[in-house]
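J.: sequence first, then the predicted structure:
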Amino acid sequence: MYDLQVATTEAINNAVEHAQQPSRPEVLVRLRVLGDLIRVEVQDFGGWRARPPARDRGRGAILMNAYGEVHVSTSPVGTLVTIERRGA
């Protein structure tokens, strides 16, 4: 459960930090349990802002991938991060 919380928090933090000029000022978080599959989806509604290089940063993707398989889909509407893991 802790790993799931860390991965989800990192995805939410990225959505808040990087979504620029959102058409909807919100971040949607969905948790789905489909049999033995756990899926977390984090959706923002803004354009992507690249972050400037900084020391001691950039571990969000590593933490998310440590929990499960991560997919990132971008579109003109926003970004969707999906984190999936099988088994309990």
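T.: It's in.

J.: give me the low-pLDDT residue ranges for the protein?
T.: Per-residue confidence of the chain (counting by pLDDT under 70) places the weak regions at 49-60, 62-63, 88.

J.: for it, longest helix please?
T.: What stands out as the longest helix in the chain, according to DSSP state H, is helix 2-18.

J.: just the helices in this protein please.
T.: Using DSSP H, the helices of the chain run over 2-18, 60-67.

J.: and these as a markdown table, adding distance to Gly78 and mean neighbour count?
T.: C-beta here means a position set from N, CA and C on the backbone, and glycine is covered the same way. Supplementary listing: the helices of the chain in a markdown table, determined by distance: least, CB to CB, whole Å; neighbours: other CB atoms under 10 Å:
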| stretch | distance to Gly78 | mean neighbour count |
| --- | --- | --- |
| helix 2-18 | 8 | 17 |
| helix 60-67 | 17 | 16 |
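
J.: of all these, which lies closest to Thr79?
T.: Between Thr79 and the helices of the chain, the shortest separation by CB to CB is 6.9 Å, and it involves helix 2-18.

J.: just to revisit the earlier point, what about the longest helix of the chain, distance to the chain center?
T.: Mean-position distance between helix 2-18 and its chain equals 6 Å (CA atoms, centre = their mean, to the nearest Å).

J.: from Val29, how far off is the residue located most distally from the centre of the chain?
T.: Summary for the chain: using CA atoms, centre = their mean, the residue whose C-alpha lies farthest from the chain's mean C-alpha position is Gly35, with a distance of 21.8 Å. Between Gly35 and Val29 the computed distance is 21 Å (CB to CB, to the nearest Å).

J.: ok, now Pro76?
T.: For Pro76, the distance to Val29 - CB to CB - is 21 Å.

J.: again, but for Val81
T.: For Val81, the distance to Val29 under the criterion CB to CB works out to 10 Å.
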